[in-house]
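1. after the sequence you'll find the predicted model.
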Amino acid sequence: MNDKIWLSSPHMGGNELNYIHEAFDANWVAPLGPNVNGFEEDLEKFLCVDVKVAALSAGTAALHLALIECGVGYGDEVICQSMTFSASANPIAYQGAIPVFVDSEPDTWNMCPVQLREAIRDRFSKGKKPKAIIVVHLYGMPAKMDEILAVAKEFDIPVIEDAAEALGSSYKGQACGTFGRFGVLSFNGNKIITTSGGGALVCHSQADKDKAVFLSTQARDDAPHYQHSHIGYNYRMSNICAGIGRGQMEVLKDRVEARRRMTDFYVALFNDIEGVAVLTEPSADYYSNHWLAAITIDPEVAGKTREELRLAFLEDNIESRPLWKPMHLQPVFADAPYYGGRVAERLFDNGLCLPSGSNLMDAERDRIATVIKKTFSSY
Ligand SMILES: *Cc1c(COP(=O)(O)O)cnc(C)c1O
(Lines give C-alpha, C1' and ligand atoms only; values in the text may rest on other atoms or scores of the structure.)
Protein backbone atom coordinates (compact mmCIF):
# COMPACT_ATOMS: atom_id res chain seq x y z
CA MET A 1 0.00 0.00 0.00
CA ASN A 2 1.24 3.48 -0.87
CA ASP A 3 1.74 5.94 2.00
CA LYS A 4 -1.37 7.92 2.86
CA ILE A 5 -1.76 11.35 1.31
CA TRP A 6 -3.79 13.51 3.67
CA LEU A 7 -6.18 16.28 2.77
CA SER A 8 -4.33 18.64 5.11
CA SER A 9 -1.82 17.64 7.75
CA PRO A 10 0.26 19.57 10.29
CA HIS A 11 3.44 21.13 8.89
CA MET A 12 5.91 22.29 11.51
CA GLY A 13 8.26 25.15 10.79
CA GLY A 14 11.19 24.13 13.00
CA ASN A 15 11.13 26.68 15.82
CA GLU A 16 8.07 25.35 17.64
CA LEU A 17 10.09 23.18 20.05
CA ASN A 18 12.31 26.12 21.01
CA TYR A 19 9.28 28.06 22.25
CA ILE A 20 8.05 24.98 24.09
CA HIS A 21 11.46 24.47 25.72
CA GLU A 22 11.38 28.09 26.91
CA ALA A 23 7.99 27.41 28.46
CA PHE A 24 9.34 24.31 30.25
CA ASP A 25 12.50 26.08 31.41
CA ALA A 26 10.42 28.88 32.98
CA ASN A 27 7.77 26.40 34.18
CA TRP A 28 5.02 28.28 32.29
CA VAL A 29 3.04 25.06 31.74
CA ALA A 30 -0.35 26.69 32.17
CA PRO A 31 -3.11 28.45 30.24
CA LEU A 32 -1.18 31.70 30.47
CA GLY A 33 2.41 32.81 29.98
CA PRO A 34 4.83 34.55 27.60
CA ASN A 35 3.98 32.36 24.60
CA VAL A 36 0.27 33.21 24.91
CA ASN A 37 1.06 36.93 24.96
CA GLY A 38 3.65 36.53 22.20
CA PHE A 39 1.32 34.53 19.97
CA GLU A 40 -1.42 37.14 20.38
CA GLU A 41 1.03 39.90 19.42
CA ASP A 42 2.23 37.88 16.40
CA LEU A 43 -1.37 37.53 15.22
CA GLU A 44 -2.17 41.22 15.79
CA LYS A 45 0.90 42.19 13.77
CA PHE A 46 0.04 39.73 10.99
CA LEU A 47 -3.54 40.95 10.62
CA CYS A 48 -2.23 44.50 9.93
CA VAL A 49 -5.35 46.13 11.42
CA ASP A 50 -5.62 47.70 14.86
CA VAL A 51 -7.14 44.63 16.58
CA LYS A 52 -6.81 42.88 19.94
CA VAL A 53 -6.54 39.10 19.80
CA ALA A 54 -7.45 36.65 22.58
CA ALA A 55 -5.87 33.18 22.19
CA LEU A 56 -8.32 30.44 23.14
CA SER A 57 -8.57 26.66 23.31
CA ALA A 58 -10.49 26.36 20.01
CA GLY A 59 -12.15 28.27 17.21
CA THR A 60 -15.44 26.89 18.48
CA ALA A 61 -14.77 28.53 21.85
CA ALA A 62 -14.06 31.83 20.09
CA LEU A 63 -17.41 31.62 18.25
CA HIS A 64 -19.18 30.88 21.52
CA LEU A 65 -17.62 33.89 23.25
CA ALA A 66 -18.39 36.13 20.25
CA LEU A 67 -22.07 35.19 20.52
CA ILE A 68 -22.07 35.87 24.27
CA GLU A 69 -20.44 39.26 23.74
CA CYS A 70 -23.05 40.06 21.08
CA GLY A 71 -25.68 39.43 23.75
CA VAL A 72 -27.11 36.28 22.16
CA GLY A 73 -29.27 34.42 24.66
CA TYR A 74 -32.08 31.93 25.01
CA GLY A 75 -34.64 32.10 22.19
CA ASP A 76 -32.72 34.68 20.16
CA GLU A 77 -32.19 34.15 16.44
CA VAL A 78 -28.76 34.14 14.81
CA ILE A 79 -28.26 34.11 11.06
CA CYS A 80 -25.61 31.65 9.87
CA GLN A 81 -24.19 30.58 6.54
CA SER A 82 -25.65 27.15 5.82
CA MET A 83 -22.69 25.83 3.85
CA THR A 84 -20.12 25.42 6.60
CA PHE A 85 -18.62 23.11 9.19
CA SER A 86 -20.98 22.41 12.09
CA ALA A 87 -18.73 24.31 14.51
CA SER A 88 -19.99 27.58 12.95
CA ALA A 89 -23.53 26.80 14.07
CA ASN A 90 -23.20 24.68 17.23
CA PRO A 91 -22.37 27.61 19.55
CA ILE A 92 -25.73 29.17 18.61
CA ALA A 93 -27.34 26.12 20.19
CA TYR A 94 -25.01 26.32 23.22
CA GLN A 95 -26.70 29.67 23.94
CA GLY A 96 -30.18 28.23 23.55
CA ALA A 97 -30.58 30.43 20.48
CA ILE A 98 -32.07 29.48 17.11
CA PRO A 99 -29.98 29.35 13.93
CA VAL A 100 -31.50 30.80 10.76
CA PHE A 101 -29.60 29.42 7.78
CA VAL A 102 -28.84 31.27 4.56
CA ASP A 103 -27.79 29.84 1.19
CA SER A 104 -24.49 30.43 -0.62
CA GLU A 105 -23.82 32.29 -3.85
CA PRO A 106 -21.90 30.51 -6.64
CA ASP A 107 -18.84 32.84 -6.93
CA THR A 108 -17.28 32.32 -3.49
CA TRP A 109 -19.56 29.54 -2.17
CA ASN A 110 -20.15 31.79 0.85
CA MET A 111 -23.22 33.58 2.21
CA CYS A 112 -25.42 35.10 -0.49
CA PRO A 113 -25.96 38.81 0.35
CA VAL A 114 -29.33 38.82 -1.49
CA GLN A 115 -30.67 35.86 0.48
CA LEU A 116 -29.25 37.37 3.67
CA ARG A 117 -31.31 40.51 3.09
CA GLU A 118 -34.37 38.42 2.29
CA ALA A 119 -33.90 36.40 5.49
CA ILE A 120 -33.57 39.47 7.69
CA ARG A 121 -36.61 41.16 6.14
CA ASP A 122 -38.69 38.05 6.67
CA ARG A 123 -37.54 37.61 10.26
CA PHE A 124 -38.40 41.27 10.92
CA SER A 125 -41.85 40.72 9.43
CA LYS A 126 -42.31 37.92 11.97
CA GLY A 127 -41.33 40.28 14.77
CA LYS A 128 -37.85 38.80 15.21
CA LYS A 129 -34.67 40.82 14.94
CA PRO A 130 -31.65 38.52 14.45
CA LYS A 131 -28.99 39.15 17.09
CA ALA A 132 -25.94 38.41 14.93
CA ILE A 133 -24.82 37.24 11.48
CA ILE A 134 -22.19 34.50 11.18
CA VAL A 135 -20.46 34.64 7.82
CA VAL A 136 -17.79 32.10 6.85
CA HIS A 137 -14.79 32.32 4.49
CA LEU A 138 -15.05 28.74 3.28
CA TYR A 139 -11.81 26.97 2.36
CA GLY A 140 -10.07 30.34 2.73
CA MET A 141 -12.14 32.10 0.05
CA PRO A 142 -13.25 35.54 1.28
CA ALA A 143 -17.00 36.10 1.34
CA LYS A 144 -18.57 39.10 -0.45
CA MET A 145 -17.85 41.29 2.56
CA ASP A 146 -18.83 44.70 1.13
CA GLU A 147 -22.33 43.50 0.31
CA ILE A 148 -22.74 41.54 3.54
CA LEU A 149 -21.51 44.40 5.73
CA ALA A 150 -23.86 46.78 3.89
CA VAL A 151 -26.87 44.57 4.68
CA ALA A 152 -25.72 44.14 8.29
CA LYS A 153 -25.37 47.89 8.64
CA GLU A 154 -28.76 48.59 7.08
CA PHE A 155 -30.42 46.44 9.77
CA ASP A 156 -27.90 47.24 12.51
CA ILE A 157 -26.90 43.61 13.21
CA PRO A 158 -23.36 42.70 14.29
CA VAL A 159 -21.30 40.42 12.03
CA ILE A 160 -19.23 37.55 13.41
CA GLU A 161 -16.68 36.49 10.84
CA ASP A 162 -15.82 32.80 10.98
CA ALA A 163 -12.31 33.03 9.54
CA ALA A 164 -11.31 29.64 10.98
CA GLU A 165 -10.24 28.52 7.51
CA ALA A 166 -9.04 31.89 6.28
CA LEU A 167 -5.96 33.03 8.20
CA GLY A 168 -3.81 34.66 5.51
CA SER A 169 -6.73 35.46 3.21
CA SER A 170 -7.76 39.03 2.46
CA TYR A 171 -10.52 40.99 0.76
CA LYS A 172 -9.65 44.27 -0.96
CA GLY A 173 -6.31 44.15 0.82
CA GLN A 174 -7.75 43.75 4.34
CA ALA A 175 -7.19 40.56 6.34
CA CYS A 176 -10.11 38.19 6.76
CA GLY A 177 -11.16 38.09 10.39
CA THR A 178 -10.87 41.86 10.85
CA PHE A 179 -14.10 43.00 9.15
CA GLY A 180 -16.74 41.91 11.62
CA ARG A 181 -17.57 43.03 15.14
CA PHE A 182 -15.65 39.85 16.00
CA GLY A 183 -13.44 37.52 13.99
CA VAL A 184 -12.76 33.86 14.72
CA LEU A 185 -9.57 31.94 13.93
CA SER A 186 -8.79 28.25 14.35
CA PHE A 187 -5.48 26.45 14.81
CA ASN A 188 -6.84 22.92 14.77
CA GLY A 189 -4.49 20.22 13.46
CA ASN A 190 -5.80 20.38 9.90
CA LYS A 191 -5.87 24.18 9.49
CA ILE A 192 -3.31 26.26 7.60
CA ILE A 193 -1.26 26.62 10.77
CA THR A 194 -1.83 24.65 13.95
CA THR A 195 -1.26 24.78 17.69
CA SER A 196 -2.39 21.11 17.81
CA GLY A 197 -5.74 22.52 18.88
CA GLY A 198 -6.60 26.14 19.46
CA GLY A 199 -8.36 29.24 18.30
CA ALA A 200 -8.52 32.98 18.71
CA LEU A 201 -11.07 35.75 18.98
CA VAL A 202 -10.24 38.90 17.03
CA CYS A 203 -11.64 41.98 18.83
CA HIS A 204 -11.72 45.67 17.98
CA SER A 205 -11.30 47.02 21.50
CA GLN A 206 -9.30 46.18 24.60
CA ALA A 207 -12.60 46.00 26.52
CA ASP A 208 -13.96 43.30 24.19
CA LYS A 209 -10.73 41.31 24.51
CA ASP A 210 -10.66 41.73 28.30
CA LYS A 211 -14.18 40.38 28.49
CA ALA A 212 -13.25 37.37 26.34
CA VAL A 213 -10.24 36.62 28.53
CA PHE A 214 -12.35 37.04 31.68
CA LEU A 215 -15.04 34.64 30.42
CA SER A 216 -12.45 32.16 29.12
CA THR A 217 -10.73 31.91 32.51
CA GLN A 218 -13.80 30.97 34.61
CA ALA A 219 -15.08 34.55 35.07
CA ARG A 220 -13.39 35.24 38.39
CA ASP A 221 -14.32 38.52 40.02
CA ASP A 222 -11.55 40.77 41.33
CA ALA A 223 -11.33 39.39 44.89
CA PRO A 224 -8.74 37.48 46.97
CA HIS A 225 -11.09 34.51 47.25
CA TYR A 226 -12.90 32.81 44.37
CA GLN A 227 -15.97 34.93 43.71
CA HIS A 228 -18.18 34.77 40.61
CA SER A 229 -20.94 37.01 39.28
CA HIS A 230 -20.98 35.45 35.80
CA ILE A 231 -20.94 31.95 34.31
CA GLY A 232 -17.41 31.34 33.10
CA TYR A 233 -15.65 28.95 30.74
CA ASN A 234 -12.31 27.17 30.59
CA TYR A 235 -11.43 28.37 27.09
CA ARG A 236 -7.97 29.97 27.38
CA MET A 237 -5.08 28.69 25.24
CA SER A 238 -2.24 26.92 27.03
CA ASN A 239 1.27 28.37 26.97
CA ILE A 240 2.53 25.12 25.40
CA CYS A 241 0.09 25.28 22.48
CA ALA A 242 0.85 28.98 22.05
CA GLY A 243 4.54 28.03 21.73
CA ILE A 244 3.66 25.87 18.72
CA GLY A 245 1.67 28.82 17.39
CA ARG A 246 4.63 31.18 17.69
CA GLY A 247 6.78 28.80 15.64
CA GLN A 248 3.99 28.44 13.09
CA MET A 249 3.59 32.21 12.71
CA GLU A 250 7.21 32.37 11.50
CA VAL A 251 6.24 30.26 8.46
CA LEU A 252 2.62 31.30 7.87
CA LYS A 253 3.44 33.28 4.72
CA ASP A 254 5.26 30.26 3.24
CA ARG A 255 2.32 28.03 4.11
CA VAL A 256 -0.11 30.34 2.30
CA GLU A 257 2.19 30.37 -0.75
CA ALA A 258 2.42 26.57 -0.77
CA ARG A 259 -1.36 26.14 -0.46
CA ARG A 260 -1.94 28.60 -3.26
CA ARG A 261 0.49 26.62 -5.43
CA MET A 262 -1.58 23.49 -4.74
CA THR A 263 -4.65 25.19 -6.18
CA ASP A 264 -2.57 26.34 -9.19
CA PHE A 265 -1.52 22.70 -9.62
CA TYR A 266 -5.17 21.60 -9.77
CA VAL A 267 -6.16 24.45 -12.07
CA ALA A 268 -3.49 23.31 -14.55
CA LEU A 269 -4.46 19.66 -14.15
CA PHE A 270 -8.19 20.20 -14.73
CA ASN A 271 -7.65 22.78 -17.45
CA ASP A 272 -8.45 20.31 -20.19
CA ILE A 273 -10.93 18.13 -18.29
CA GLU A 274 -14.37 19.37 -19.21
CA GLY A 275 -17.02 19.62 -16.54
CA VAL A 276 -14.64 20.15 -13.63
CA ALA A 277 -14.25 23.62 -12.07
CA VAL A 278 -11.69 24.57 -9.42
CA LEU A 279 -12.69 27.14 -6.78
CA THR A 280 -10.67 30.25 -7.64
CA GLU A 281 -10.93 33.92 -6.77
CA PRO A 282 -13.74 35.70 -8.65
CA SER A 283 -11.66 38.89 -9.05
CA ALA A 284 -8.52 40.66 -7.84
CA ASP A 285 -10.50 41.89 -4.79
CA TYR A 286 -10.21 38.39 -3.35
CA TYR A 287 -7.04 36.76 -2.05
CA SER A 288 -7.56 33.24 -0.76
CA ASN A 289 -5.10 31.26 1.36
CA HIS A 290 -6.60 28.27 -0.49
CA TRP A 291 -6.59 26.27 2.74
CA LEU A 292 -8.27 23.44 0.86
CA ALA A 293 -8.36 23.15 -2.91
CA ALA A 294 -11.90 22.34 -3.95
CA ILE A 295 -13.61 21.38 -7.19
CA THR A 296 -17.08 20.80 -8.49
CA ILE A 297 -17.74 18.06 -11.01
CA ASP A 298 -20.68 18.28 -13.38
CA PRO A 299 -21.34 14.57 -13.91
CA GLU A 300 -23.31 15.19 -17.13
CA VAL A 301 -20.31 16.84 -18.75
CA ALA A 302 -17.40 15.10 -17.01
CA GLY A 303 -18.93 11.63 -17.16
CA LYS A 304 -17.86 11.00 -13.56
CA THR A 305 -19.32 11.90 -10.20
CA ARG A 306 -17.43 13.36 -7.30
CA GLU A 307 -17.99 10.07 -5.48
CA GLU A 308 -16.29 8.12 -8.27
CA LEU A 309 -13.26 10.39 -8.02
CA ARG A 310 -13.26 10.13 -4.22
CA LEU A 311 -13.27 6.32 -4.39
CA ALA A 312 -10.52 6.31 -7.03
CA PHE A 313 -8.39 8.43 -4.70
CA LEU A 314 -9.19 6.15 -1.77
CA GLU A 315 -7.99 3.12 -3.72
CA ASP A 316 -4.56 4.75 -3.91
CA ASN A 317 -4.69 5.72 -0.21
CA ILE A 318 -5.32 9.39 -1.01
CA GLU A 319 -7.75 11.33 1.16
CA SER A 320 -10.34 13.61 -0.42
CA ARG A 321 -13.61 14.79 1.07
CA PRO A 322 -17.04 15.99 -0.07
CA LEU A 323 -17.69 19.68 0.61
CA TRP A 324 -19.35 20.58 3.91
CA LYS A 325 -22.89 19.30 4.00
CA PRO A 326 -25.13 22.38 4.41
CA MET A 327 -26.46 22.89 7.92
CA HIS A 328 -30.08 23.20 6.76
CA LEU A 329 -29.80 19.60 5.50
CA GLN A 330 -28.39 18.26 8.78
CA PRO A 331 -30.75 16.17 10.91
CA VAL A 332 -29.76 18.10 14.04
CA PHE A 333 -30.92 21.42 12.51
CA ALA A 334 -33.97 20.05 10.68
CA ASP A 335 -36.29 22.53 12.42
CA ALA A 336 -34.24 25.66 11.74
CA PRO A 337 -35.55 28.25 9.26
CA TYR A 338 -33.72 28.40 5.91
CA TYR A 339 -33.57 31.09 3.23
CA GLY A 340 -32.35 30.43 -0.26
CA GLY A 341 -32.45 27.97 -3.11
CA ARG A 342 -30.29 25.02 -3.93
CA VAL A 343 -26.85 26.58 -4.45
CA ALA A 344 -25.29 25.07 -1.31
CA GLU A 345 -27.10 21.79 -1.89
CA ARG A 346 -25.77 21.46 -5.43
CA LEU A 347 -22.25 22.36 -4.29
CA PHE A 348 -22.50 19.59 -1.73
CA ASP A 349 -23.76 17.11 -4.33
CA ASN A 350 -20.97 17.84 -6.80
CA GLY A 351 -18.07 19.20 -4.77
CA LEU A 352 -14.89 17.59 -3.51
CA CYS A 353 -11.93 18.87 -1.46
CA LEU A 354 -8.56 17.64 -2.68
CA PRO A 355 -5.23 17.07 -0.90
CA SER A 356 -3.91 20.56 -0.18
CA GLY A 357 -1.17 20.24 2.42
CA SER A 358 1.75 22.67 2.28
CA ASN A 359 4.01 19.66 2.93
CA LEU A 360 3.09 17.64 -0.18
CA MET A 361 6.02 16.63 -2.39
CA ASP A 362 6.34 16.22 -6.16
CA ALA A 363 6.05 12.45 -5.89
CA GLU A 364 2.73 12.85 -4.09
CA ARG A 365 1.47 15.36 -6.63
CA ASP A 366 2.39 12.82 -9.33
CA ARG A 367 0.25 10.17 -7.63
CA ILE A 368 -2.65 12.62 -7.37
CA ALA A 369 -2.31 13.60 -11.04
CA THR A 370 -2.20 9.96 -12.12
CA VAL A 371 -5.47 9.14 -10.35
CA ILE A 372 -7.18 12.18 -11.81
CA LYS A 373 -5.99 11.50 -15.35
CA LYS A 374 -6.93 7.83 -15.10
CA THR A 375 -10.38 8.60 -13.73
CA PHE A 376 -11.32 11.07 -16.43
CA SER A 377 -9.54 9.43 -19.41
CA SER A 378 -11.99 6.53 -19.53
CA TYR A 379 -14.78 8.82 -20.59
C1 LIG B 1 -12.31 24.41 12.05
C2 LIG B 1 -13.50 25.27 11.96
C3 LIG B 1 -14.13 25.79 13.10
C4 LIG B 1 -13.81 25.34 14.49
O5 LIG B 1 -12.53 25.53 14.91
P6 LIG B 1 -11.95 24.55 16.05
O7 LIG B 1 -10.65 25.20 16.38
O8 LIG B 1 -11.78 23.20 15.43
O9 LIG B 1 -12.89 24.56 17.18
C10 LIG B 1 -15.17 26.67 12.93
N11 LIG B 1 -15.60 27.02 11.72
C12 LIG B 1 -15.05 26.54 10.61
C13 LIG B 1 -15.58 26.99 9.29
C14 LIG B 1 -13.99 25.63 10.68
O15 LIG B 1 -13.45 25.13 9.56
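-> Structure's in. What do you need? Numbering: from 1, shown residues only.
2. which residues touch the closest residue to the ligand within the stretch 1-150 of the chain?
-> Residue nearest to the ligand within the stretch 1-150 of the chain: residue 59 (2.6 Å; Cβ to the nearest ligand atom). The way it works is simple: take the backbone N, C-alpha and C, and place the C-beta from them, glycine included. Going by Cβ atoms under 8 Å, 6 or more residues apart in numbering, residue 59 touches 87, 162, 164, 184-188, 198-200.
3. report how many residues lie close to the nearest residue to it once chain neighbours are set aside.
-> Once flanking residues are discounted, residue 59 sits nearest to residue 186: 3.0 Å by Cβ to Cβ, 6 or more residues apart in numbering. If you count neighbours by other Cβ atoms under 10 Å, residue 186 ends up with 30.
4. what's the burial count for the residue of the stretch 251-379 of the chain found nearest the ligand?
-> At 7.7 Å from the ligand, residue 324 is the closest residue in the stretch 251-379 of the chain, using Cβ to the nearest ligand atom. A count of nearby residues for residue 324, using other Cβ under 10 Å, gives 24.
5. ok, it - contacts?
-> Residues near residue 324 by Cβ under 8 Å, 6+ apart: 83-85, 138, 348.
6. try it again at 10 Å.
-> Contacts for residue 324 (Cβ atoms under 10 Å, 6 or more residues apart in numbering) come out as 81-86, 88, 109, 136, 138-139, 294, 330, 344, 347-348, 351, 353.
7. select only the buried ones of those residues in PyMOL?
-> Buried residues within these, by 16 or more other Cβ atoms under 10 Å, are selected in PyMOL with:
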select buried, resi 81+82+83+84+85+88+109+136+138+139+294+344+347+348+351+353
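8. what about the ligand: which of the contacts of residue 324 touch it?
-> Residues of the contacts of residue 324 in contact with the ligand (Cβ under 6 Å from any ligand atom): 84-85, 88, 136.
9. in helices only, show me the contacts of residue 324.
-> 344, 347-348 (DSSP state H).
10. just the pLDDT for residue 378.
-> Listed pLDDT for residue 378 reads 62.
11. make that residue 106, sorry
-> As predicted, residue 106 sits at a pLDDT of 98.
12. for residue 350, see how far away it is.
-> 12 Å (Cβ to Cβ, to the nearest Å).
13. what parts of the protein come near the ligand?
-> 58-60, 84-85, 87-88, 136, 162, 164-165, 186, 188, 199.
14. tabulate those residues (a markdown table), appending pLDDT.
-> Below are those laid out as a markdown table (pLDDT from 0 to 100):
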| residue | pLDDT |
| --- | --- |
| 58 | 98 |
| 59 | 98 |
| 60 | 98 |
| 84 | 98 |
| 85 | 98 |
| 87 | 98 |
| 88 | 98 |
| 136 | 98 |
| 162 | 98 |
| 164 | 98 |
| 165 | 98 |
| 186 | 98 |
| 188 | 97 |
| 199 | 98 |
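15. now, which of the residues you listed sits nearest residue 98?
-> Distance to residue 98 across those (Cβ to Cβ) is lowest for residue 88, with 14.7 Å.
16. now do the contacts for the closest one.
-> For residue 88, the contacting residues are 59-60, 63, 80-82, 99, 134-136, 138, 160, 162, 164, 184, 324, 327, by Cβ under 10 Å, 6+ apart.
17. how about a cut-off of 7 Å?
-> Shown here is residue 88, whose contacts under the criterion Cβ atoms under 7 Å, 6 or more residues apart in numbering are 63, 80-81, 134, 136, 162.
18. farthest pair in those residues?
-> Top of the distance list for these (Cβ to Cβ): 63 and 81, 12.2 Å.
19. what about residue 106 and residue 350, which has more around it?
-> residue 350 (21 against 13).
20. if I look at that one, how far off is residue 122?
-> Relative to residue 122, residue 350 is positioned 29 Å away (Cβ to Cβ).
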